[in-house]
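Engineer: quick one, what's the 3D model for this:
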Amino acid sequence: MTSQTDTQGTVTTVYKVSGMSCGHCEGAVSGEISEIPGVSSVKAVASTGEVTVVSAAPLEEAAVRSAVDEAGFELVGEVA
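Structural biologist: Coordinates of the predicted model:
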């Protein structure tokens, strides 16, 4: 599992998302994931397909998958 807890008690997890190709895609994915309770920061990068999420606690993958689906993309999984 690639989630890491830092000294402030937040968890950073990197996910792989397929289908992002531009800034609009990044914004759509970031916006949907940002709505998950406990998420404090989201950074999506279309060129790598990676989405870095900072949250108060580890997130349920089903919640992240649902948010990514809502944005119109596919969650591949956590980056190893």
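
Engineer: now do the buried residues in the strand or helix carrying residue 52.
Structural biologist: Remark: residue 52 resides in strand 50-55, with elements defined by DSSP states H and E. In terms of neighbour count (16 or more other C-beta atoms under 10 Å), strand 50-55 has its buried residues at 50, 51, 53, 54, 55. C-beta here means a position set from N, CA and C on the backbone, and glycine is covered the same way.

Engineer: nearest to residue 37, of those residues?
Structural biologist: Ranked by distance to residue 37 (C-beta to C-beta), these are led by residue 55 at 8.8 Å.

Engineer: now do the contacts for that closest one.
Structural biologist: Residue 55 makes contact with 10, 11, 13, 36, 38, 39, 40 under the criterion C-beta atoms under 8 Å, 6 or more residues apart in numbering.

Engineer: how about CSV for the buried residues of strand 50-55, with pLDDT and distance to residue 28 added?
Structural biologist: Putting the buried residues of strand 50-55 into CSV (pLDDT from 0 to 100; distance: C-beta to C-beta, whole Å) gives the following:
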residue, pLDDT, distance to residue 28
50, 98, 15
51, 98, 11
53, 97, 15
54, 97, 19
55, 97, 19
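
Engineer: quick one: which of those is nearest residue 19?
Structural biologist: Nearest member of the buried residues of strand 50-55 to residue 19, counting by C-beta to C-beta, is residue 51, at 11.7 Å.

Engineer: is that closest one in a bridge, and if so with what?
Structural biologist: When assigned by DSSP bridges, residue 51 has beta-bridge partners residue 15, residue 44.

Engineer: and the next helix or strand past the strand holding residue 52?
Structural biologist: Downstream of strand 50-55, the first helix or strand assigned by DSSP H and E is helix 61-70.

Engineer: before we move on, back to that, just the buried residues of the contacts of residue 55.
Structural biologist: For these, a neighbour count by 16+ other C-beta under 10 Å gives the buried set as 11, 13, 36, 39.
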